[in-house]
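*Asks:* return atomic coordinates for the entry below.
(chains A and B)
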Protein chains: 2
Amino acid sequence: MAGGGGQRRCRRLEAEAARAVLGAADTLLFDCDGVLWRGEAAVSGAAAALGRLAAAGKRLCYVTNNSSRTRAAYTEKLRRLGFPPAELRNIFGSAYCAARYLRQALPPGAAAYVLGSPALAAELEAVGIPHLGPGPAALPGPAPADWAQAPLDPAVRAVLVGFDEHFSYAKLCQALRYLLRGGTDCLLVGTNRDHWLPLEGGAAIPGTGCLVKAVETAAQREAFIVGKPNRYMFDCVVSEFNIDPARTIMVGDRLDTDILMGNSCGLTTLLTLTGVTALDEVRGHQDSACPARQSLVPDYYVDSIADLLPALGE
Amino acid sequence: MAGGGGQRRCRRLEAEAARAVLGAADTLLFDCDGVLWRGEAAVSGAAAALGRLAAAGKRLCYVTNNSSRTRAAYTEKLRRLGFPPAELRNIFGSAYCAARYLRQALPPGAAAYVLGSPALAAELEAVGIPHLGPGPAALPGPAPADWAQAPLDPAVRAVLVGFDEHFSYAKLCQALRYLLRGGTDCLLVGTNRDHWLPLEGGAAIPGTGCLVKAVETAAQREAFIVGKPNRYMFDCVVSEFNIDPARTIMVGDRLDTDILMGNSCGLTTLLTLTGVTALDEVRGHQDSACPARQSLVPDYYVDSIADLLPALGE
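*Replies:* Prediction:
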């Protein structure tokens, strides 16, 4: 027993254990990319597994750090790939959760300067928060003195950073100006800290975490992060459905987001190997005496969530 | 005596002490912006003070983190603002030092992918390093899969990050791809970590440090930093002039770059209050028992380097 605490051990979830663990749960939270699908292709057998979970009366929720899709786009993608029908209120994307956070935190009428996608803008609109920023932006002149003169919207009281393919020095500059003008009265919120977005074939593109870091470095402030491993996304699920952590399973493919959030919120955690994590990484953390690494060890793993099918009967 | 080490005390440099300190030095290293000038206006009396130092036979060198100007542009600006004539070899800008570093570190024929200004590109050209990157860049298609397909130059063996007003997600993406392709065979170099560039009137724009952080976060690697407070810039001065640290004064307006580098290289350090630092900050560090804060305390301060004039006689 290292450090007086119990060592977490990760076991394969199969047969009797799978039936017992699933039987004791009433809610499952699913990360999406790498768990249910990869790009536009559903993980083989995943839709059937979720269909049986739904038929068995389990509540299925979807918790994703991806800020480039609205909740409506997720319900549509689930439908298109053959997953059981999902209602909007079961979808907890970081774009929606960021809008929900700002709705609580901002005074009425306050606006957000957004480094992010049209989907992030749409989720802000849906909760009635005025915003500006999405899309390309150019520097307002040739010299630094010009850049510091571009007009600022007096209503802006938050800078929100999500995935933004149009991220640029011009937008970073404007974000800093809002943060310097408002001081602590201007919120700084990031959708997530994922440093990569993995693509098929082992390629990767920079994730939102890179953009959040750039803004944090400019402003010399830490952002409030809505997405996993922060517990805010889980708190959104609790406030919507009043779920019991002890009867909830978090299913994900990333240790430092999905599994860490699940473990720190007291959920049962299940790693699937269809995404970015290999079992060797889990073993490395498990054999470490470091508490931070121990917190990344899931309770269980499966090769694919399709492996749950036998435990779910007909 | 805290922690067994001597507490650094910062004293005003005037009268007899000024004559003694200047008399014992044969080289002075000057930061430029906030010390010699602010924007296009010379600090009043600064040119006269440097003129007398040069006449007294002191070697004057210029060490600046600004990566947006070539050495030639600095000699021209010094001339234009009435400072004593400077040779190229006395100018140590972070663009030039980065080129010098890559010239040593890269194999012959290797190229650099540059996030930076035309000046940074010009300094690379001057030392014979092929480069690509400066100027605006667009994403090569609408979807992430397209972004990971843009052509890569097979000769690139370094990513160099300087101040880049055209910094964009597209360039961050390309930088990450070079770093992932090359692994540790692809160097990651930053000109400096300044998080702000202060403008006249208290405004500020994001500095190179924000861009370096974005690339470091994407690549999950730490960059080698050429500029202050790293000692590489000082090492360039030593290898050019074989100076004696004990007979060298570092003059600057920033504690966390100029003064920290000077203190850690064993130089006498002199803070001037014409730039970004107020004396209260120095006192805060001085009264702290924290070694990291003590290392930011200069040996001396002046309101302006023009205050050195009386000690320099006629």
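*Asks:* which residues sit in contact with residue A:189?
*Replies:* A:98, A:101-102, A:158-161, A:223-226 (CB atoms under 8 Å, 6 or more residues apart in numbering or on different chains). Heads up, the C-betas are built off the backbone N, CA and C, glycines and all.
*Asks:* let's go with 7 Å and repeat that
*Replies:* A:98, A:101-102, A:158, A:160, A:223-224, A:226 (CB atoms under 7 Å, 6 or more residues apart in numbering or on different chains).
*Asks:* which parts of chain A sit against chain B?
*Replies:* Applying CB under 7 Å from any CB of the partner chain, we find that chain A lies next to chain B at A:139, A:144-145, A:147-148, A:164-169, A:172-173, A:176, A:180, A:195, A:197, A:199, A:203-206, A:209-211, A:213-214, A:217-218, A:220.
*Asks:* just the buried subset of the residues you listed, please.
*Replies:* A:139, A:144, A:147-148, A:164-169, A:172-173, A:176, A:180, A:195, A:197, A:199, A:203-206, A:209-211, A:213-214, A:217-218 (16 or more other CB atoms under 10 Å in any protein chain shown).
*Asks:* what about the closest residue to residue A:57 other than its chain neighbours, neighbour count?
*Replies:* Distances taken as CB to CB, 6 or more residues apart in numbering or on different chains place residue A:26 nearest to residue A:57, at 7.8 Å, with adjacent residues excluded. Look at residue A:26: counted by other CB atoms under 10 Å in any protein chain shown, it has 16 neighbours.
*Asks:* just the pLDDT for residue A:26.
*Replies:* Here the pLDDT value assigned to residue A:26 is 97.
*Asks:* didn't it look like it was pressed against residue A:58?
*Replies:* Yes: between residue A:26 and residue A:58 there is a contact at 6.4 Å, judged by CB atoms under 7 Å.
*Asks:* about what we covered before: what about the residue nearest to residue A:57, distance to chain B?
*Replies:* According to CB to the nearest CB, to the nearest Å, residue A:26 and chain B sit 36 Å apart.
*Asks:* for that residue, what are its contacts?
*Replies:* Per CB under 7 Å, 6+ apart, neighbours of residue A:26: A:58-59, A:247.
*Asks:* in ChimeraX, select just the buried ones from those residues.
*Replies:* Buried subset of the contacts of residue A:26, written as a ChimeraX selection, criterion 16+ other CB under 10 Å:
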select /A:58,59
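*Asks:* using a markdown table, lay out the contacts of residue A:26 together with secondary structure and pLDDT.
*Replies:* As requested, the contacts of residue A:26 are exported to a markdown table (DSSP: H, G, I helix; E, B strand; the rest coil; pLDDT from 0 to 100):
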| residue | secondary structure | pLDDT |
| --- | --- | --- |
| A:58 | coil | 98 |
| A:59 | strand | 98 |
| A:247 | helix | 98 |
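*Asks:* would a markdown table of the contacts of residue A:26 with distance to residue A:285 be doable?
*Replies:* Below are the contacts of residue A:26 laid out as a markdown table (distance: CB to CB, whole Å):
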| residue | distance to residue A:285 |
| --- | --- |
| A:58 | 28 |
| A:59 | 29 |
| A:247 | 26 |
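*Asks:* the lowest-mean-pLDDT helix or strand in chain A: partners in the sheet, and parallel or antiparallel?
*Replies:* The weakest-scoring helix or strand in chain A, judged by mean pLDDT, DSSP states H and E, is strand A:196-198 (a mean of 89). In the sheet, strand A:196-198 lines up against strand A:204-206 (antiparallel) (DSSP bridges).
*Asks:* for the partner strand, the distance to its chain's centre please.
*Replies:* On the basis of CA atoms, centre = their mean, to the nearest Å, strand A:204-206 sits 16 Å off its chain's mean C-alpha point.
*Asks:* do the same with stretch A:117-134
*Replies:* That offset, for stretch A:117-134, works out to 18 Å (CA atoms, centre = their mean).
*Asks:* how far does it stretch from start to finish?
*Replies:* 6 Å (CA to CA, to the nearest Å).
*Asks:* which residues touch stretch A:150-160?
*Replies:* With CB under 7 Å, 6+ apart, stretch A:150-160 has contacts from A:98, A:102, A:106, A:109-114, A:116, A:130, A:132, A:140, A:174-175, A:177-179, A:181-182, A:185-189, A:215.
*Asks:* same deal with stretch A:65-74?
*Replies:* With CB under 7 Å, 6+ apart as the criterion, stretch A:65-74 contacts A:33, A:62, A:88, A:91, A:93-96, A:116-117, A:119-120, A:122-123, A:162-163, A:191-192, A:194, A:208, A:227-228, A:257.
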